[in-house]
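Undergrad: Return atomic coordinates for the entry below.
(2 chains)
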2 protein chains.
Amino acid sequence: MVVVNSSRNVEPRIYHDGKKVLHVEKRVLVGPHNGAPNFSMRKFTVGKGGCSPYHTHPWEHEVYVLSGQGEVRFAGGSQPVAPGDFALVPPNDEHQFVNTGDGVFEFLCMVPLKGEDG
Amino acid sequence: MVVVNSSRNVEPRIYHDGKKVLHVEKRVLVGPHNGAPNFSMRKFTVGKGGCSPYHTHPWEHEVYVLSGQGEVRFAGGSQPVAPGDFALVPPNDEHQFVNTGDGVFEFLCMVPLKGEDG
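TA: Numbering: from 1, shown residues only, chains lettered A, B, ... in the order given. Predicted structure coming up:
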């Protein structure tokens, strides 16, 4: 059955890195909970001054920037991103998404199901 | 290696249904051509009066609406969609995406690699 919904209806999970608040909200739009067979679609909203952790894992990210100004940091460099830009982070590549603007920075991030922690 | 690019730099493919122009541009942002391991991310731009074919196939779609006004048609119904809405079309479910507005209707559509025809 086709599932249609607004991302505004999806409750966010707030990300922390130990005691530090990262100003990141994660919404799993499509995932195991509503029947995704192979990969998940998540929406991240990063507040001013916020970022995802600089990390690596054995699955890819496919990212599309929806709003705001940000930067992708990776081993050996970084690149600014704006709405309409996209990124492929291959498995095991170090990466981080950073809000470099004054407003929120929003992006979609798709991962195979093995990369979805809920 | 991390791939970052603008979707504006990706050349579109124009969709036809026999002799009928569907007013649909497809851009494969992430796919086999730049190293996607499991699934592709495509951006569709549907002009005024345009639509995708009403069809079915044995793989899922995960869709996120970027701009414009549209409608998802499926067996037994239809539902309007606006920016920020998302849809999961399970494998083998009939579906169609229709531009119901006066401007362009744009959405991302992710599929497993077996559903990517190039």
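Undergrad: CA atoms for contacts and neighbours, from now on please.
TA: Will do.
Undergrad: Send me stretch A:10-30 as PDB with only the CA atoms.
TA: Provided in PDB are the C-alpha atoms of stretch A:10-30 (Å, rounded to 0.1, in the frame of the first residue of the first chain):
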ATOM      1  CA  VAL A  10       7.200  12.800  11.800                       C
ATOM      2  CA  GLU A  11       8.500  13.100  15.300                       C
ATOM      3  CA  PRO A  12      12.200  14.000  15.500                       C
ATOM      4  CA  ARG A  13      14.900  12.400  17.400                       C
ATOM      5  CA  ILE A  14      17.400  14.800  19.000                       C
ATOM      6  CA  TYR A  15      21.000  14.000  18.600                       C
ATOM      7  CA  HIS A  16      23.600  14.200  21.400                       C
ATOM      8  CA  ASP A  17      27.300  13.500  21.300                       C
ATOM      9  CA  GLY A  18      27.900  12.500  24.900                       C
ATOM     10  CA  LYS A  19      26.900  15.600  26.900                       C
ATOM     11  CA  LYS A  20      27.200  17.900  23.900                       C
ATOM     12  CA  VAL A  21      24.000  18.800  22.100                       C
ATOM     13  CA  LEU A  22      24.700  18.800  18.400                       C
ATOM     14  CA  HIS A  23      21.600  20.800  17.400                       C
ATOM     15  CA  VAL A  24      20.500  18.000  15.100                       C
ATOM     16  CA  GLU A  25      17.000  16.600  14.600                       C
ATOM     17  CA  LYS A  26      16.600  13.400  12.700                       C
ATOM     18  CA  ARG A  27      13.300  12.200  11.200                       C
ATOM     19  CA  VAL A  28      13.100   8.700   9.700                       C
ATOM     20  CA  LEU A  29      10.600   9.400   6.900                       C
ATOM     21  CA  VAL A  30      10.700   6.000   5.200                       C
END
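Undergrad: how about it: buried residues?
TA: Using 16 or more other Cα atoms under 10 Å in any protein chain shown as the burial criterion, the residues of stretch A:10-30 that qualify are A:12, A:15, A:22-30.
Undergrad: Now the two most distant members of these.
TA: Greatest spatial distance among the buried residues of stretch A:10-30 (Cα to Cα): A:22 and A:30, at 23.1 Å.
Undergrad: Can you name the residues of chain A that neighbour chain B?
TA: By Cα under 8 Å from any Cα of the partner chain, the part of chain A that sits against chain B consists of A:1-8, A:29-30, A:35-39, A:41, A:60, A:62, A:66, A:74, A:79, A:84-90, A:93, A:112.
Undergrad: out of the residues you listed, which are inside helices?
TA: Among those, none falls in helices (DSSP state H).
Undergrad: And those, which of them are buried?
TA: If we count by 16+ other Cα under 10 Å, these have these buried: A:2, A:4-7, A:29-30, A:36-39, A:41, A:60, A:62, A:66, A:74, A:84-90, A:93, A:112.
Undergrad: Could you tell me which of the residues you listed belong to strands?
TA: Counting by DSSP state E, these place A:4-6, A:29-30, A:39, A:41, A:62, A:66, A:74, A:85-89, A:112 in strands.
Undergrad: Please work out which helix or strand belonging to chain A has the smallest mean pLDDT.
TA: strand A:13-17 (a mean of 75; mean pLDDT, DSSP states H and E).
Undergrad: How is residue A:106 assigned, secondary-structure-wise?
TA: Three-state assignment for residue A:106 (DSSP: H, G, I helix; E, B strand; the rest coil): strand.
Undergrad: how close does it sit to chain B?
TA: 11 Å (Cα to the nearest Cα, to the nearest Å).
Undergrad: Look up phi and psi at the residue nearest to that residue when sequence neighbours are not counted.
TA: Taking Cα to Cα, 6 or more residues apart in numbering or on different chains, and ignoring the residues beside it in sequence, residue A:106 has residue A:45 as its nearest neighbour in space, at 4.5 Å. Backbone geometry at residue A:45, expressed as degrees, to the nearest 10, gives phi -120, psi 110.
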